[in-house]
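# here you go, sequence then predicted model.
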2 protein chains.
Amino acid sequence: MNLSKTSEYALRIMSYMAMDDKKLHRANDIFESLQIPFRYLRKQMTNLTKSGIIISVQGKNGGYRISRSIGEISLLDIIHATGDQQIMTNCFFGFENCALNRQCAMHDKWDEIRQNINQVLASTSLAELNENGPDNFISNNSIQITKNS
Amino acid sequence: MNLSKTSEYALRIMSYMAMDDKKLHRANDIFESLQIPFRYLRKQMTNLTKSGIIISVQGKNGGYRISRSIGEISLLDIIHATGDQQIMTNCFFGFENCALNRQCAMHDKWDEIRQNINQVLASTSLAELNENGPDNFISNNSIQITKNS
DNA sequence: TTAAAATAATACCTCAAGGTATCATTTATG
DNA sequence: CATAAATGATACCTTGAGGTATTATTTTAA
């Protein structure tokens, strides 16, 4: 009933990058601010690049940059970019055909919740998050983690 | 962003048992109707018994029965009975201290969603599900599964 | 042109949720 | 009392998400 860790990470990464949205961010900088396991972060930056939501510049002085205007990127876009297409689409009881055939006893109530969540995620942009105050989405319980390459 | 399979199963099991709430249901009957993997079902029936939401009668002619009035059992109760206490309590970004210390940029919007979900789950009883029509929460894409004990 | 600093690719490891297998225990009934 | 029919306890297997390790590639700049 929560987002996957991968989606949480992606949301934090994109939020962080959006603070300076024209800058080329190095994986190492993101790691030092967000404390996401470094090698996993690296892997995911590549995935996000493949999804097109960020672009990468290889080689020395390389890094990552947000590919579009932060006003045009919704939280739902970010979640989708992680490959998590199934955000709140399933039947409450987990029935495969619920949406198609007969509806389960929770269908209407659950559908309302799903639509609500999707609406909030789709209508909240990175730009809007930024307006809620700088860096308040960065972890505030930072136990220092060492990088190990 | 979905319930655990275990919680889905528990909801289906309880919904099924609620259709005849005074009856002693055998695991085998529940299996034949719901097509939940038999041995996993058996294990979970024992877990639900330990949680107190159902009672078990051992020995020949034994089975399981709902322990309280179905008007008094909410969907949230059932989810909690599976040990899933974390239903929609977490920070959107996954920060540990968000609720306590500084709030993340999504705190208010997300809190509203969480409260909404919890309110619906806590206020919907098994009795109410039953009113939505008999057995419409039973799987309708039943591929016959064999039991193997 | 070579070394250093960055990302990319690939393969592997770990752990918990979901699922399976086996044996033990309880109880009704012939 | 013995058997069958039910649940209980316990241990193990499987799979995918999350995480790690190693090597390759790209690019800048001394």
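Yep, it's here.

# near DNA strand D, which residues of chain A? Just list them.
Of all the residues in chain A, those in contact range of DNA strand D (Cβ under 7 Å from any atom of the strand) are A:4-6, A:9, A:37-40, A:43, A:57-62, A:148-149. Where you see a C-beta, it was placed from the backbone N, CA and C, and this is true even at glycine.

# at 6 Å what do you get?
Among all residues of chain A, those adjacent to DNA strand D (criterion: Cβ under 6 Å from any atom of the strand) are A:4-6, A:37, A:39-40, A:43, A:58-61, A:148-149.

# buried ones among those residues?
By the neighbour-count criterion of 16 or more other Cβ atoms under 10 Å in any protein chain shown, the residues of chain A next to DNA strand D include these buried positions: A:Ser4, A:Thr6.

# dump the residues of chain A next to DNA strand D to TSV, plus pLDDT and secondary structure.
As requested, these are exported to TSV (pLDDT from 0 to 100; DSSP: H, G, I helix; E, B strand; the rest coil):
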residue	pLDDT	secondary structure
A:Ser4	91	coil
A:Lys5	93	helix
A:Thr6	95	helix
A:Pro37	96	coil
A:Arg39	97	helix
A:Tyr40	98	helix
A:Lys43	97	helix
A:Gln58	97	coil
A:Gly59	96	coil
A:Lys60	95	coil
A:Asn61	96	coil
A:Asn148	57	coil
A:Ser149	51	coil
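
# so which of the residues of chain A next to DNA strand D is the closest to A:Glu72?
Proximity of these to A:Glu72 was ranked by Cβ to Cβ; the top entry is A:Thr6 with 22.4 Å.

# the closest one and A:Thr82 touch, don't they?
Yes: the pair A:Thr6 and A:Thr82 qualifies as a contact (Cβ atoms under 8 Å) at a distance of 5.1 Å.

# list residues touching both of these two?
Here A:Thr6 and A:Thr82 have A:Gln44 as joint contacts, going by Cβ atoms under 8 Å, 6 or more residues apart in numbering or on different chains.

# rewinding a little: tell me which two of the residues of chain A next to DNA strand D sit farthest apart.
In the residues of chain A next to DNA strand D, two members sit farther apart than any others by Cβ to Cβ. They are A:Ser4 and A:Lys60, at 33.2 Å.

# picking up where we left off before, restrict the residues of chain A next to DNA strand D to those near DNA strand C?
Checked against DNA strand C using Cβ under 6 Å from any atom of the strand, the residues of chain A next to DNA strand D give the following subset in range: A:Lys43, A:Gln58, A:Gly59, A:Lys60.

# any chance of those residues in JSON lines, plus distance to B:Ala127?
Conversion of these to JSON lines gives the following (distance: Cβ to Cβ, whole Å):
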{"residue": "A:Lys43", "distance to B:Ala127": "49"}
{"residue": "A:Gln58", "distance to B:Ala127": "62"}
{"residue": "A:Gly59", "distance to B:Ala127": "65"}
{"residue": "A:Lys60", "distance to B:Ala127": "67"}
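
# and which of those is nearest DNA strand D?
Proximity to DNA strand D was ranked across those by Cβ to the nearest atom of the strand; first place goes to A:Gly59, at 2.0 Å.

# I appreciate the help and will end here.
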